[in-house]
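Participant: all I have is the shape, not the residue letters:
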């Protein structure tokens, strides 16, 4: 089997780039004085996680309980579930904590600690619980100047069956930075908000075991992590068109593409249609603030070189590409194959069941993706 014969659409994973990205981020975070707890939501794949954690304690971050179950079953037993926990997931969280040496949860709601404490008491367990902090993204988390920013850690610390694990944040707004200077400002702000808030909590008499930050863009740009214990980037392992346009990496660092076939040609409209649409690529609009013409992915040839084309529109199973160049259009006959560098590798990967692993220009393996919730 090779790129000419495997079924399309398929995910193609350049494992040499994965290894390079893993080594670079691990070295960078350690050089800045923090530890790395990679976020596996990007890939949901045990083999990729083993590359990320080689030679270090196998600590991971997950976004779903399904991810936690899969990785715990394969020997990863220090896991942070980085979505605010709600009561409907308490029983499963308790079950997972029995499978792990440490299974940490997060919250930003003052109602949760007493409820979770009772669930832990009934189970005869002690659970680790972080406070989720909003450092400027405004998706989830407590802003550190709000009264509940002190109230919730106190509630956790007073609970009999909870441990206050520390404070955790994610600078997701870094994806909207318009320059490297703005990105560095956001990275510094993420760090400084957290270290200053940790100092306030300690002054209030609370122990703060872990200060945890996240986001690939900030991890690639921050100048130091003094006062931060761990970083949780995820996308860096694959990168994608968004990250390369943002400047977090180069296009040569991007490790994941979607193999697709031409299924229709329209010479009148100078259009070809691929069998990779929203389900294969996702409908992430990408870095439209930096590249309004980014479309839904960059079209590469089978060797991974740029063609200059973009996927202009997608429906469920169709991706439309406008082709102005006559010779290029002639080469894209029905059945011709291309590779699409998606805007957001995390979302694209989540649409598929496995990776086709490419090494030295050859397909060498197939790795499972542990999807679901």
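Facilitator: On my side now, so go ahead. In this text, all values refer to a predicted model and were calculated from it rather than measured experimentally.

Participant: show me what the helix or strand hosting residue 191 is packed against.
Facilitator: Secondary structure from DSSP states H and E places residue 191 in helix 180-203. Judged by 3 or more C-beta pairs under 8 Å, 6 or more residues apart in numbering; DSSP states H and E, the packing partners of helix 180-203 are strand 127-133, helix 148-158, strand 162-169, strand 210-213, helix 216-221. Every residue, glycine included, has its C-beta placed from N, CA and C.

Participant: now render those as a markdown table, adding mean pLDDT and distance to residue 345.
Facilitator: Formatted as a markdown table, those follow (pLDDT from 0 to 100; distance: least, C-beta to C-beta, whole Å):
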| stretch | mean pLDDT | distance to residue 345 |
| --- | --- | --- |
| strand 127-133 | 98 | 24 |
| helix 148-158 | 98 | 33 |
| strand 162-169 | 98 | 22 |
| strand 210-213 | 98 | 21 |
| helix 216-221 | 96 | 10 |
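
Participant: tell me the most buried of those?
Facilitator: Ranked by mean neighbour count, these are led by helix 216-221 with a mean of 26 (mean count of other C-beta atoms under 10 Å).

Participant: on contacts alone, who are the packing partners of it?
Facilitator: Contacts defined by 3+ C-beta pairs under 8 Å, 6+ apart place helix 216-221 against helix 15-31, helix 180-203, helix 241-246.

Participant: closest one to residue 372 among these?
Facilitator: Smallest distance to residue 372 across these (C-beta to C-beta): 22.8 Å, for helix 15-31.

Participant: quick check: buried residues in that closest one?
Facilitator: Using 16 or more other C-beta atoms under 10 Å as the burial criterion, the residues of helix 15-31 that qualify are 15, 17-19, 21-22, 25-26, 28-29.

Participant: report all helices and strands that the next helix or strand after that helix contacts.
Facilitator: Per DSSP H and E, helix 15-31 leads on to strand 35-36 as the next helix or strand towards the C-terminus. Here strand 35-36 touches helix 15-31, strand 230-231, going by 3+ C-beta pairs under 8 Å, 6+ apart.

Participant: now these as TSV including mean pLDDT?
Facilitator: Formatted as TSV, these follow (pLDDT from 0 to 100):
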stretch	mean pLDDT
helix 15-31	97
strand 230-231	98
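
Participant: dump the ones you listed to CSV, plus distance to residue 128.
Facilitator: Listed next are those as CSV, based on distance: least, C-beta to C-beta, whole Å:
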stretch, distance to residue 128
helix 15-31, 21
strand 230-231, 13
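
Participant: where does the stretch 101-250 of the chain have low pLDDT?
Facilitator: Nowhere does the stretch 101-250 of the chain drop to pLDDT under 70.

Participant: domains in this protein, by residue range?
Facilitator: 32-238, 249-368 (automatic domain parsing).

Participant: so what would you say the end-to-end distance of the shortest one is?
Facilitator: Using C-alpha to C-alpha, to the nearest Å, the end-to-end distance of domain 249-368 comes out at 26 Å.

Participant: so how far is it off the chain centroid?
Facilitator: Relative to the centre of its chain, domain 249-368 is centred 20 Å away, using C-alpha atoms, centre = their mean, to the nearest Å.

Participant: now stretch 129-147
Facilitator: When distances are taken as C-alpha atoms, centre = their mean, stretch 129-147 is centred 19 Å away from the chain's centroid.

Participant: quick one: contacts of that stretch?
Facilitator: Applying C-beta atoms under 8 Å, 6 or more residues apart in numbering, the contact partners of stretch 129-147 are 80, 83-84, 104-108, 112-113, 116, 148-149, 152-153, 156, 162-173, 186, 189-190, 193-194, 196-197, 200, 210, 212-213.

Participant: and stretch 67-83, by the same measure?
Facilitator: The contact list for stretch 67-83 (C-beta under 8 Å, 6+ apart) reads 37, 39-41, 44, 46, 49, 53, 57-65, 93, 96, 99-106, 130, 140, 168, 170, 212, 214, 232, 370.

Participant: check stretch 200-207 too.
Facilitator: Residues contacting stretch 200-207 (C-beta under 8 Å, 6+ apart): 144, 150, 153-154, 157, 164, 167, 208.

Participant: mind doing that once more with 6 Å?
Facilitator: Contacting residues not belonging to stretch 200-207 are listed as 153, 157, 208 [C-beta atoms under 6 Å, 6 or more residues apart in numbering].
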